[in-house]
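Novice: For reference, the sequence and a predicted model appear below.
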Amino acid sequence: EYEGKVFVVDNHRISVTQYQSVKDAMMLADMGMDGAQIKKRLEETAADSVIFVTVDTLKYLKKGGRITPAAAALGTLLRIKPVLIILGEKLDSFAKARTMKQAKTLMMNAIQKELDERLHDSECKDCHLAIAHSDNEEAALEFKKEVEERFPDADIYLAPLSLSIACHIGPGSLALTATRKMEEEHEKN
């Protein structure tokens, strides 16, 4: 009954980058593309996105089995704020910071490197940035101001992290994402 009417897109996006995919799909539909064409475009642009996230506590990474109890204890003692990267469907360790301020700087530097080397948009005029958080809106708004200063030409969206990420990392987390704008978005404007 739904043959040819419903399409499942697997573009390895999650949370605010997946939200951007939904906005892109709506734009493509408004431009007259059908479901099959939209699915194809979203999957073609799957690699055009990255997420960097830092956690406030190692407690939830330990509970989820992502780090050992010994690593969590040592990291907590040393006040480590890990910065994780989500590229495609893989969550990996990216760097370690000693303070939240240092973690935010690491994320902004990492986004700049992604913009320079992989997304080919050093000034962030052709990418969407997003800041996400888990029960940390005040810190996210402060971080947004810092990101706006660093990337004055960027289009920046702020939202809570999706539960699919937040349940693994706990409250107090901050994330910074970059997603390349689709070619069709330039044609529309």
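Specialist: Looks like it came in fine.
Novice: contacts, neighbours, all on C-alpha from now
Specialist: Noted.
Novice: After the lengthiest helix in the chain, which helix or strand is next? Please name it.
Specialist: Ordering each helix of the chain by length in residues (DSSP state H) puts helix 100-117 first. Per DSSP states H and E, the first helix or strand lying C-terminal to helix 100-117 is strand 127-134.
Novice: sorry, back to before: taking strand 127-134 as reference, get the angle to the longest helix of the chain.
Specialist: If you take axes from the mean of the first three to the mean of the last three C-alpha atoms, to 10 degrees, helix 100-117 sits at 150 degrees to strand 127-134.
Novice: Quick one: the strands in the chain, in order.
Specialist: Remark: strands assigned in the chain by DSSP state E are 49-54, 81-87, 90-97, 127-134, 155-160, 173-180.
Novice: about what we covered before: could you check the angle the longest helix of the chain makes with strand 173-180?
Specialist: Going by the same axes, to 10 degrees, helix 100-117 makes 10 degrees with strand 173-180.
Novice: what is the mean pLDDT for helix 100-117?
Specialist: Mean per-residue pLDDT for helix 100-117: 95.
Novice: buried set for that helix?
Specialist: M100, A103, K104, T105, L106, M107, M108, A110, I111, Q112, E114, L115 (16 or more other C-alpha atoms under 10 Å).
Novice: how distant is that helix from the center of its chain?
Specialist: 12 Å (C-alpha atoms, centre = their mean, to the nearest Å).
Novice: Now do it: which elements does it pack against?
Specialist: strand 49-54, strand 81-87, strand 90-97, helix 137-150, strand 173-180 (3 or more C-alpha pairs under 8 Å, 6 or more residues apart in numbering; DSSP states H and E).
Novice: Would you format these as a markdown table with mean neighbour count and distance to D34 included?
Specialist: Compiled in a markdown table, these are given as follows (neighbours: other C-alpha atoms under 10 Å; distance: least, C-alpha to C-alpha, whole Å):
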| stretch | mean neighbour count | distance to D34 |
| --- | --- | --- |
| strand 49-54 | 26 | 23 |
| strand 81-87 | 21 | 28 |
| strand 90-97 | 15 | 30 |
| helix 137-150 | 16 | 36 |
| strand 173-180 | 26 | 22 |
